[in-house]
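> need the 3D shape of this:
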Amino acid sequence: MESVHLMWTTFDIEPEQMDYSTMEVVSGGYPLRPEALESAYILYTLTGDDRYKAMGWDIFQRIVRWCRNDVGFAHLENVQTKEQGDAMESFFLAETLKYAYLLFAPPGTLDFGDVVFNTEAHPLRRSWE
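Numbering: from 1, shown residues only. Next up, the predicted model:
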């Protein structure tokens, strides 16, 4: 998570791909991916360590700062120029914003031990029988 957060803070938002040996962007788009907020949520839930919640808040604020527009959110064509594209993938609503919400939701909103998440971040109740 520290490495992920470093990528976000180096470019003020996460590039699709970067070279860690040079800290240079290889592929500069940001398609509104959920993995960073998903990781912050899971790590915070499992450990209770507030640094993961703080990282998630920082990442969320960067998404709002650079991707929000008059009609919703847009992917970035280039994280260095912050040029917005003209699209918002559905997984942004289904996953990225859901993990952001869950990270800051009131206690008891979702019992992490009673669900598994499918690939689109939909919580499914575990069957114990």
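> then the longest helix seen in the chain to CSV, C-alphas only?
The residue-count maximum for a helix in the chain (DSSP state H) belongs to helix 50-67. The C-alpha coordinates for helix 50-67 follow below in CSV (Å, rounded to 0.1, in the frame of the first residue of the first chain):
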residue,chain,number,x,y,z
ASP,A,50,-5.7,4.6,10.5
ARG,A,51,-2.9,5.1,8.0
TYR,A,52,-4.8,3.1,5.5
LYS,A,53,-7.9,5.2,6.0
ALA,A,54,-5.7,8.3,5.5
MET,A,55,-4.2,7.0,2.3
GLY,A,56,-7.7,6.1,1.0
TRP,A,57,-8.9,9.7,1.8
ASP,A,58,-5.9,11.2,0.1
ILE,A,59,-6.5,9.0,-3.0
PHE,A,60,-10.3,9.8,-3.0
GLN,A,61,-9.5,13.6,-2.8
ARG,A,62,-7.2,13.3,-5.8
ILE,A,63,-9.8,11.5,-7.9
VAL,A,64,-12.3,14.2,-7.1
ARG,A,65,-9.8,17.0,-7.8
TRP,A,66,-8.7,15.7,-11.2
CYS,A,67,-11.5,13.5,-12.5
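> I'd say Ala121 and Leu37 touch.
No - using Cβ atoms under 8 Å as the test, Ala121 is too far from Leu37 to be in contact (9.8 Å). From N, CA and C alone the C-beta is placed, and that goes for glycine too.
> quick one, what contacts Trp66?
Applying Cβ atoms under 8 Å, 6 or more residues apart in numbering, we find Trp66 in contact with 12-13, 30, 76, 79, 82, 84.
> hang on, the earlier thing: okay, Ala121 and Leu37: which has more neighbours?
Leu37 (26 against 19; other Cβ atoms under 10 Å).
> what lies in contact with the one helix or strand the more buried one maps to?
Using DSSP states H and E, Leu37 falls within helix 35-47. For helix 35-47, the external contacting residues (Cβ under 8 Å, 6+ apart) are 1, 4-5, 8, 14, 49-50, 52-53, 55-56, 59-60, 95-96, 99-100, 102-103, 112, 121.
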